[in-house]
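J.: 3D model of this:
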Amino acid sequence: MKILALFELLEHLSFPFLSAMNIKSEINNTICVEYQNLLGNTAEQFIQKQIEQNKEIDEQKLLDYASQGALTLAFLHKHKIVHGQISPQNLSIAEDGTLKFERRIETKCKSIIGLCRYIRKSYLAQLLVDITGASVQDRLAIVERGEFIELVNILKWAHKQNKELSRPIQLWVCEVVQDLINENKQAAIKGFEQFEIIQQLKELLGSDLELEEVKFVHANALKLFTTYANSDKNKKLMHDIGLAQAVTQNIKSQCSGVSEKSVMTITNQLIFQVDIYRNLGQHPYLEQFSKDGIISALFNDGLINGKSERTKVTSAYGLGWVYRATPLPEEMKSVIINQLK
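T.: Next up is the predicted model:
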């Protein structure tokens, strides 16, 4: 359904000043759209209270709201999305003083941590605007000016904060990474040259986030690096930091997109360009992946209980690679062969 596909695009669209939305396709062919619950007063009520209490309205705060709103509109327009009517009635101010512009806008900060968050959110917002609609060469130029290093610093900062502060920032970093390297192999290769960005994403998905917190954007940002790994050397780098082990748990995700991207992340590391053809001995990762439960997870969670056909096929393909020169276990053989027919 084209309409459902469009809604799914909106669901995965992430930006610092947009609220979340969840799309559900119901059995009766209807589409249910759940929006982030925006608590607090509308902007109109806020202004009215300021007038009634004879308070001066903070001009700097209004400028903050206006600039963030402009960034949000620029981002939406680059995605060829028209927002619709914007008025004080459909803007909301939360209890913490945050203005909700359709989804989210951050206000003037009152603490050092708040200031750091504000600066990082504004930086990520501007970066997302720059990236949206940019050509492959323009996105590569953004990477070459050292943005991966800044993104690493932001992830390190977020790692030390509480979930309320860190989770939105981590999500937007992944959105930036995804948009920079999607269909942009050269930009991804730059990531291997600045390998710490891959290490930080691995820590995010493997340690920082609980299973239910991992979203499609998190999983896809890391998966894209494995897609564009241009050499067996880079695949070995990912293996050596335990990247496959970090994402194995996410195959169990209730989100089919997360499960699918996690399986792809592992399978991409199993495919070698040269060595396995020259030496048809045991796959170099077979023993370790068996010991760590990765083979079992690919078979049971990915192939047997996979939430999409692509997840099942990719799991079977990965298992076929890891057992390429080794007899398939009897309990797996018929299932893998039937899936790959």
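J.: now do the helices in the stretch 51-200 of the chain.
T.: With DSSP state H, counting those that start in this stretch as the criterion, the stretch 51-200 of the chain has helices at 59-78, 112-131, 136-144, 147-159, 163-181, 185-193, 196-203.
J.: residue 330 is nearest to which of the ones you listed?
T.: Nearest to residue 330, of all these, is helix 196-203, at 33.8 Å by Cβ to Cβ. For every residue, glycine as well, the C-beta is placed using N, CA and C.
J.: other SSEs contacting the closest one?
T.: Packing contacts for helix 196-203, counted by 3 or more Cβ pairs under 8 Å, 6 or more residues apart in numbering; DSSP states H and E, involve helix 147-159, helix 163-181, helix 185-193, helix 216-227, helix 243-247.
J.: next, format those helices as CSV and append mean pLDDT, distance to residue 63 and mean neighbour count.
T.: Listed next are these as CSV, based on pLDDT from 0 to 100; distance: least, Cβ to Cβ, whole Å; neighbours: other Cβ atoms under 10 Å:
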stretch, mean pLDDT, distance to residue 63, mean neighbour count
helix 147-159, 94, 24, 19
helix 163-181, 94, 22, 22
helix 185-193, 94, 34, 19
helix 216-227, 97, 30, 24
helix 243-247, 97, 42, 24
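J.: Throw those into a markdown table and include distance to residue 286, thanks.
T.: Output for the helices and strands packed on helix 196-203, formatted as a markdown table (distance: least, Cβ to Cβ, whole Å):
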| stretch | distance to residue 286 |
| --- | --- |
| helix 147-159 | 32 |
| helix 163-181 | 29 |
| helix 185-193 | 24 |
| helix 216-227 | 18 |
| helix 243-247 | 12 |
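J.: from residue 234, how far out is the most centrally placed residue in the chain?
T.: Closest to where the C-alpha atoms of the chain average out (Cα atoms, centre = their mean) is residue 217, at 2.0 Å. Using Cβ to Cβ, to the nearest Å, residue 217 is found at 22 Å from residue 234.
J.: could you do residue 223 as well?
T.: Counting by Cβ to Cβ, the gap from residue 223 to residue 234 is 14 Å.
J.: same check, this time on residue 297
T.: For residue 297, the distance to residue 234 - Cβ to Cβ - is 23 Å.
J.: same check, this time on residue 251
T.: Distance of residue 251 to residue 234, given as Cβ to Cβ: 23 Å.
J.: of the two, who's got more company?
T.: The residue with more neighbours, out of residue 251 and residue 234, is residue 251; 26 against 21, by other Cβ atoms under 10 Å.
J.: mind listing what the more buried one touches?
T.: Residue 251 makes contact with 259, 262, 263, 297, 298, 301, 302 under the criterion Cβ atoms under 8 Å, 6 or more residues apart in numbering.
J.: residue 152 too?
T.: By Cβ under 8 Å, 6+ apart, residue 152 lies in contact with 194, 196, 197, 200.
J.: residue contacts, the second one?
T.: Looking back up the chat, that one is residue 196. Contacts of residue 196 (Cβ under 8 Å, 6+ apart): 148, 149, 152.
J.: alright, I will stop here.
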